[in-house]
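Participant: Just the structure for this:
(one chain, ligands or ions: 1)
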Amino acid sequence: VYFGPAALPPAEWHGRTVVVIDVLRACTTIATALFNGARSVIPFDSADEAVTRSKSFERGEVILAGERRMVAIPGFDLGNSPRAFTPNVVEGKTILFTTTNGTAALVAVQGARQVYTAAFVNLSAITGVLRAAYRAGHDLTVVCSGSERQFALEDAVCAGRLLRRLGKRLTTITLNDAARAAMQLERRYARDVGGLIDDATHARSLTDAGLGDDVPVCLALDTCPVIPVYAERQITRAGAGAGRRR
Ligand code: MLT
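Facilitator: Numbers count the residues shown, from 1 in each chain. Predicted coordinates:
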């Protein structure tokens, strides 16, 4: 586990199976969009890059989405609220997506063997795919996106929950100190993930910005059981999944 892409040693992710976590809110939004029928999500570092790329699509094919300082980017169709990525809005669309931390972490781990995105909303689906990858002999790296380049409690707790579930059937797993710390933190919230609404700084910031309704949506477990896989510069839904869509 690494708390933030900046903590990753150079090339640590090369040849590995990587999971990028951003509970509040990018990876929750990605899982929601794919669950609700989006064709793909393409992450960008900057709004300008997303706008430039949009010109290579028919207007009706794409949605420009993303935030800066939590609010929608001017001229974009959507912000980063998972509640806005409903089936009638995203079905069949390609989402060009840029956020402060989540998409930056994704762009940073290009070159990994396989990259998945995870949040509480798709935790069980990701646990299954990681267990299979580990059993196939892959090393696993979990990157917590963090918030404003800082440690984010909700991402660490989500990483800890992922590891606790993985560890249940994988007794041989070896953990770094950040992974151990994430598992210790997760214990505190094992019966009350909702406690993060008050405790996590970014949850409080979202509430202060009038976006507090997003927080319980992001803390809900397994509401979007998809496996988002990032390959060839786009995130698509792996396999048929267990979802009601597709
Ligand atoms: C991010 O990627 O920085 C977050 O998703 C921020 C947000 O809550 O929009």
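
Participant: near the ligand at all, stretch 82-91?
Facilitator: No. Under the criterion of Cβ under 6 Å from any ligand atom, stretch 82-91 makes no contact with the ligand; the nearest approach is 9.8 Å. C-beta: built from backbone N, CA, C; applies to glycine.

Participant: With just CA atoms, put that stretch into PDB.
Facilitator: Included here for stretch 82-91 are C-alpha records, laid out as PDB according to Å, rounded to 0.1, in the frame of the first residue of the first chain:
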ATOM      1  CA  PRO A  82     -21.600  10.100  -8.500                       C
ATOM      2  CA  ARG A  83     -25.200  10.900  -8.100                       C
ATOM      3  CA  ALA A  84     -25.200  12.700 -11.400                       C
ATOM      4  CA  PHE A  85     -23.900   9.700 -13.400                       C
ATOM      5  CA  THR A  86     -27.300   8.200 -13.900                       C
ATOM      6  CA  PRO A  87     -28.200   5.600 -16.600                       C
ATOM      7  CA  ASN A  88     -30.200   8.100 -18.700                       C
ATOM      8  CA  VAL A  89     -27.200  10.500 -18.700                       C
ATOM      9  CA  VAL A  90     -24.200   8.100 -19.200                       C
ATOM     10  CA  GLU A  91     -25.500   5.100 -21.000                       C
END
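
Participant: buried ones in that stretch?
Facilitator: 82, 84, 85, 89, 90 (16 or more other Cβ atoms under 10 Å).

Participant: Next, count neighbours for residue 177.
Facilitator: For residue 177, the count of nearby residues is 8 (other Cβ atoms under 10 Å).

Participant: do the same with residue 187
Facilitator: With neighbours defined by other Cβ under 10 Å, the count for residue 187 comes to 12.

Participant: Please name the spatially closest residue to it (chain neighbours excluded).
Facilitator: When the adjacent residues along the chain are set aside, residue 187 lies closest to residue 160, with 7.6 Å between them (Cβ to Cβ, 6 or more residues apart in numbering).

Participant: Tell me the secondary structure of that neighbour, please.
Facilitator: Under the three-state scheme (DSSP: H, G, I helix; E, B strand; the rest coil), residue 160 adopts helix.

Participant: In contact with it, which residues?
Facilitator: Contact criterion Cβ atoms under 8 Å, 6 or more residues apart in numbering gives 182, 183, 184, 185, 186, 187 as the residues in contact with residue 160.

Participant: on that earlier part again, for the buried residues of stretch 82-91, give me JSON lines that also has distance to residue 204.
Facilitator: As requested, the buried residues of stretch 82-91 are exported to JSON lines (distance: Cβ to Cβ, whole Å):
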{"residue": "82", "distance to residue 204": "18"}
{"residue": "84", "distance to residue 204": "21"}
{"residue": "85", "distance to residue 204": "23"}
{"residue": "89", "distance to residue 204": "28"}
{"residue": "90", "distance to residue 204": "28"}
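
Participant: Now residue 48. Its backbone dihedrals?
Facilitator: According to degrees, to the nearest 10, the main-chain angles of residue 48 amount to phi -60, psi -40.

Participant: Report the distance from stretch 155-168 to the chain centre.
Facilitator: In terms of Cα atoms, centre = their mean, to the nearest Å, the gap separating the centre of stretch 155-168 from the centre of its chain is 14 Å.

Participant: Revised request: answer the last question for stretch 219-237.
Facilitator: The gap between the average C-alpha position of stretch 219-237 and the chain average comes to 7 Å, counting by Cα atoms, centre = their mean.

Participant: again, but for stretch 27-37
Facilitator: A distance of 9 Å separates the centroid of the chain from that of stretch 27-37, by Cα atoms, centre = their mean.

Participant: Give me the mean pLDDT for it.
Facilitator: Stretch 27-37 carries an average pLDDT of 98.
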